[in-house]
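J.: Need a 3D model of the sequence below.
(chains A and B)
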Amino acid sequence: MEQLEKSVEANPEDPSLQFDLGLYLWNNGGDSEKAAEHFVLSAKLNPNNAVAFKYLGHYYSRVTLDFNRAAKCYQRAVLLNPNDSDTGEALCDLFDSQGKEILEIAVCRDASEKSPKAFWAFCRLGYLQVHQKKWSEAVQSLQHAIRGYPTNADLWEALGLAYQRLGMFTAAIKAYGRAIELEETKIFALVESANIFLMLGSFRKGVELFEQALEISPQNISVLYGLASGLLSWSKECINLGAFGWAASLLEDARKAAKASSELASNMSSIWKLLGDIQLTYARCYPWPGGTENSEFTVKTFNDSIISWRSICYSAALLAKASYQRALHLAPWQANLYTDIAITCDLVSSLSDDSETSSSWKLPEKMALGALLLECENSEFWVALGCMSDNSALKLHALIRALHLDVSLAVAWAFMGQIFRESGEMKLAKQAFDCARSIDPTLALPWAGSADTYARESISDEAFESCLRAAMISPLAELQVGLAWLALVQENISSPQIFACIEQAVQRTPDYPESHNLHGLVCEARHNYHTAITSYRRALAAMSVYSDNSVKSHAGKIYINLVRSLSKAERFEESVMECANLKSKGLLDVGSLQIYAFSLWKIGENDSALSVIRDLAGRISTMEKTSIAFSISFICRMLYCISGIDSAITSIQKMPKDFFQSSKISFIISAIHALDQSDRLQSIVASTRSYITSQEDVVAMHYLIALTKLLKNGEGDSLGFEKGIAHLRKALHMYPHCNLLRNLLGYILLAGEGTKDACTASRCCIIDVSECANKEGLKSALEVLGGASVSCNVIGNTAPRFSFPTCHCQSLNAPVVVAELQRFLHQEPWNNDVRYMLILNLLQKAREQRFPRQLCRAIENLICVSLSETEDEYEKFQLLLCASEISLQKGNIEDSIAHARNASSLSLPRSNLFLGHLQLCRAYAAKGSIDHMQEEYRTCLELKTDSNIGWICLKLIESQFDLEPDANLLEMSLKECSSQKKNSWKEWMAVHSLALGLVSIGRKDFFSAEEFLTQACSLGDSDSSLLLCHGAVCMELARQTNDSQFLSRAVKSLTKAQASSLIPLPIAYMLLAQAHGSLGSKEKWEKNLRLEWFCWPPEMRPAEVYFQMHLLGLQSEGRPETASGIENCQSPEKWVLRAIHTNPSCSRYWNVLPKLVQHPKSRDLQIY
Amino acid sequence: MKLAGLKSIENAHEDSVWAATWVPATEDRSALLLTGSLDETVKLWRPDELDLVRSNTGHSLGVAAVAAHPSGIIAASSSLDSFVRVFDVDTNATIAVLEAPPSEVWGLQFEPKGTLLAVAGGSSASVKLWDTASWRLVSTLSVPRPEASKPSDKTSSKKFVLSVAWSPNGKRLACGSMDGTICIFDVDRSKFLHQLEGHNMPVRSLVFSPVDPRVLYSGSDDGHVNMHDAEGKTLVGSMSGHTSWVLSVDASPDGGAIATGSSDRTVKLWDLKMRAAIQTMSNHNDQVWSVAFRPPGGTGVRAGRLASVSDDKSVSLYDYS
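T.: Model (predicted):
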């Protein structure tokens, strides 16, 4: 200091030294007056020193309190250095404290214009502009200020406010968000941004922000109010969606918040109004919880739940009323509160039971007038009056006044339409509704109104559409119930939309019987009978609670619905009880009589059922024509079911003929006729047929006739296939596109005896996977085809790779059954029938391909799944046999035996069990345990079967293992079995002979084999496999005996075999070539050998074919006319090499090779 | 000059209590306290134990005001649905039901001699006078429209009349409106005299001084209690102390004090000489809608009593001495 003083003394003219001294004195608590002197000196010496002026300003403002001087000094300092925020702030504070706002603004504006870096000025200016509500200017200033102070939360908050006031809400939200980011406790920013969110309709975000604010300041009224109103708006959104439960829970939260705020500020009418709104909305949306409880239905619990629901609504409405009254009490000049009270009173009176008719002037109406007295120009109050009033003239007047005030008030038009509708002036109503709708298409009421108009004109489609729209716009129970009604008329009551609607309607009007009844109908249509029953019971219970007597007349209908559902749910005893109850009330109508009879029959009370049927029959004469048909057919069916066919027929014969004028009855009578062997109903059936007109019915009748023919033309156990098939063919000729008939024909053909019929069956049916799910008729196309393809592996197997089928059915274009089955199984993985069919088909495929491992494993897995799901014993049996077969083929004999044992232990007809034991036989044979085999063999003989193939297999086993305990018995059974089937006995005898032939071959007894096979060929209708077998045996005999007679027989058989086969048979040509060769015809030998080459698919050619080609090649060498033959594409030695390569174990090939290798040399020599 | 709590009844009503007045003593009985509530009932209480004498029902909405005839025989209650029920205090027999258009009934007061009942007419911007013998509407004193207001501006052109008070001599009638003005009428000539200004928020309660017919006390939402010279059209003084709306004001029978009830949940006693609050009772825990001094009279009753009722459903009784 001393130093400074000295230097000042030394250089009194130096302004900076003066200033430094002043500053030292100022800062170190020295004499401020002295400091000021030095500052003055410094300023005088250097008038551009802004800092000196600043301190002078400080001096004047703080020490001498000479504000004018201080202001001047500061102003000077700011002028000199506008960027100095200290000075600026000090000056502004000074002006602020003196209330000189204009000067303050002027200073800030000057500074901001002078220097863009005078951020303090922008900041101040911004705040001041916000204060003066110059929002757009404030935005600019604040934006500039924020560049200087980017982390100042206040600035961001102010900017947000400015944006908000300018209507730039997104920008405002961002600015507020920044403020909150910088400073978490910015309540104002939180509240305002939440308010913006509410205004923009994002209630959830708004509510979240309010909750955040509430954590910071739990006692803040505006936060609580905002939270409550946000929750209220949110819940209204939920209500519009139909989520009443959610809305109610939101409203409970809202109520808490509103209550808290009302406790904080009980004299704010707006808070009470909000609380009233919340309570009112709660009363209107609180859902009845009983609909979701799954507890057992009792009238008492139902009534209790209704009462508790209603009391919750009622008390909420009362609280709303009280809240509105408080609001009104605080601000009685606010007109809308009167309307609110009016609405609430209306709700309260609708919820309370006692109907007050004492006062001449009803409260809601009066309160609505109260609002009008205050604001008679408000059109909405007029509408409110129109709604509240009971007097229709006043209603109309009020609405007309409202429209006077605002002609485009859609609500008023809509209510007007409603009034006209109630008074029956439909034309005016329609006009009013149309008007309302054209003004505001998002209003539910006009849509409902026009739905009603359409419904009256019975344009049900339009009515339904309109009502649907109305219910979608506003999920009101009335609209939903109406919609369900219209859906009932339209018969699409099972749609989920209707279900949702009626569920909501029940939640909101649990005391209204009709909503329960419709809920029941919807559930019934959706096959949920138990829920439907509960709903009907509820409807009945609600009826006893419901005050309005007009609905009680519907009790009978609800009872009928109830008994129908009970019988559909197979709760027949309850159904009978309810019916008896109905009967005692005299409410039984035709429909319920039918249900009564049916239920009685189901619980076994046939006599009572019959008496009910008699009752029903007594009423027929009074019925309408359509219901006569139903009743008659019902009576016929019940008579048949209860007292048998004869009684049914005599009753039918007794009935007047003019009852039978319907296609429905015709079906019933025809069906009974089908079962009657003595044709007593022939004439009636013929007369009723004329009532069958629609094509569907005609087709169905053909179906029935075909079945009738099957039944009537059969003998003993067998059916009359021929007649049935003939009829179906004719019918199909008339209706070629009818899949029902096609499938039946296929099924019958398949069920018939002939093996060839299976192939025909497969051609009958048209597979369409998309239609497979359609379970019409006895069997689906896929099942028929699957069955056919199991019986003949040509069907559905377009590219046989390992076999050379001799069947004549040509189905190269037919669908691949295995693929189709898989496609369908993929579509319906739960469909066990399809899986079963697939397993059988796959097994056939596996058999054809010699049981490849992969496929076997897949089949085993499938069988595993299928076995666990199937209930059918026969299917189980088949599956177990399949499993056993696969295990056997895999060499897993123990498993195979176990499966077969399981199969044989099932409770099935003996002839089926035979096959199980046969399989056991085979398994034991593979195991080599002769004793067991013997035992099983005997069991088989005891069980007997009607399956030829079973007997033949047994025969083969018997001869193979020399079991032969009672050979004659087997022989006889076989013949007897074959002779039973007269259509196909020839075929079976041929197979039998083949088997015998094979047995003889096994014994090397070729002569007898030849005899058997000749017999087989003569019986077997030129079956190529039989012929081939015969040819082969003849060749063998020719070889053994050198008798050319056998050769010529072989040639004959083999040529025939080739001729009758659709595809060239390998080996047959080879044998033929040998036969011809032996007979000396070289040309034919060559020709047949070449044909043999082409018979084989390349990958399956046996070594012998290559070897034969080499012979052919040798023969054709040097003969140019055969150069194009296949044998010349390679040299003979190459052919032999390929033969060796294919089968190296054959010494014949090896022996030939050296000769060929040497041969070329000699040939070369010849040339030279 | 002080208040001492005597008795307080919690849950005197099922809901907020909004109105209270004293029914003057008759020859047979002492004075009774009459209270009206949002729970749509009117109850009669006997001091000092505050025994419930009767509970009157019959209103469809909350009871906003009650008034007792000076004779102590009949009383009137008005509810938000604009019905005024006039009944016999001792028998609860309905004497008359006065029906007004909705929103046109607010405060009530009987003329000191008992010939007229003045009803603050709410949105009708008037005070209705009913004859207490025939129960016919005899006069309507209309509040003039402010001249400046535009005719198109419908809402502000009407004044909502909230409160009404008779001067002790029955010559003057004052009514308070939501815009803060108070109108004075000459009852005999059915003429509007002038308008008193000073409040800028709704005037919810008015009372003339029992000793000086010129002096009118008014309580308003602006938190002040004003003292006017009703004849001279001047604001004599303004007293502040409540932190929220003043909902009710009543003058003590001796004319030395006034009591006020407020939204700030307190009851204050004001010394008129000091023009300041001398005592604050904060026994209520919600806003106090009405305070009422017991009128003098009755056998052997000299002690002063003050009653207060509140949104907290309670009724309190104080000794005033």
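
J.: all contacts plus neighbour counts: C-alpha atoms, from now on.
T.: OK.

J.: Near chain B, which residues of chain A are found?
T.: Applying Cα under 8 Å from any Cα of the partner chain, one finds that chain A approaches chain B through A:263, A:266-267, A:322, A:325-326, A:329, A:332-333, A:338, A:363, A:366-371, A:373-375, A:377.

J.: Now, these that are in helices?
T.: Among the residues of chain A next to chain B, the residues falling in helices (DSSP state H) are A:263, A:322, A:325-326, A:329, A:338, A:363, A:366-371, A:373-374.

J.: And these, which is closest to residue A:589?
T.: For these, the residue nearest residue A:589 by Cα to Cα is residue A:363; the value is 46.0 Å.

J.: ok, that closest one touching residue A:344?
T.: No: counting by Cα atoms under 8 Å, residue A:363 does not reach residue A:344; the two are 10.2 Å apart.

J.: the more surrounded of those two?
T.: The neighbour comparison of residue A:363 against residue A:344 (other Cα atoms under 10 Å in any protein chain shown) goes to residue A:344, with 27 against 23.

J.: Pull the number of nearby residues for the residue nearest to the more buried one when sequence neighbours are not counted.
T.: Nearest in space to residue A:344, with sequence neighbours left out and distances taken as Cα to Cα, 6 or more residues apart in numbering or on different chains, is residue A:321 at 5.8 Å. Per other Cα under 10 Å, the neighbour tally for residue A:321 reads 29.

J.: With residue A:316 instead?
T.: With other Cα under 10 Å as criterion, residue A:316 counts 23.

J.: So it belongs to a helix, correct?
T.: Yes: with DSSP: H, G, I helix; E, B strand; the rest coil as the criterion, residue A:316 is located in a helix.

J.: for the closest residue to residue A:463 other than its chain neighbours, what are its contacts?
T.: Closest residue to residue A:463 apart from its sequence neighbours, by Cα to Cα, 6+ apart: residue A:451 at 4.0 Å. Taking Cα atoms under 8 Å, 6 or more residues apart in numbering or on different chains, we find residue A:451 in contact with A:462-467.

J.: out of those residues, who has the most neighbours?
T.: Result: residue A:467 is most packed of these (other Cα under 10 Å), 31 neighbours.

J.: So it, which state does it fall into?
T.: With three-state DSSP as the basis, residue A:467 sits in helix.

J.: next one: residue B:164
T.: strand.

J.: And the pLDDT at the residue of the stretch 1-150 of chain B found nearest chain A?
T.: Residue nearest to chain A within the stretch 1-150 of chain B (Cα to the nearest Cα): residue B:102, separated by 4.1 Å. At residue B:102, the pLDDT value in this model is 78.

J.: do residue A:324 as well
T.: The predicted local confidence for residue A:324 is 90.

J.: same question, residue A:865
T.: Per the predicted model, pLDDT is 83 at residue A:865.

J.: so what secondary structure elements neighbour the helix or strand containing it?
T.: Assigned by DSSP states H and E, residue A:865 falls within helix A:853-869. In terms of contacts (3 or more Cα pairs under 8 Å, 6 or more residues apart in numbering or on different chains; DSSP states H and E), helix A:853-869 is packed against helix A:832-848, helix A:873-890.

J.: can you list the contacts of residue A:451 in CSV and add pLDDT?
T.: Converted to CSV, the contacts of residue A:451 look like this (pLDDT from 0 to 100):
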residue, pLDDT
A:462, 83
A:463, 84
A:464, 84
A:465, 84
A:466, 84
A:467, 85
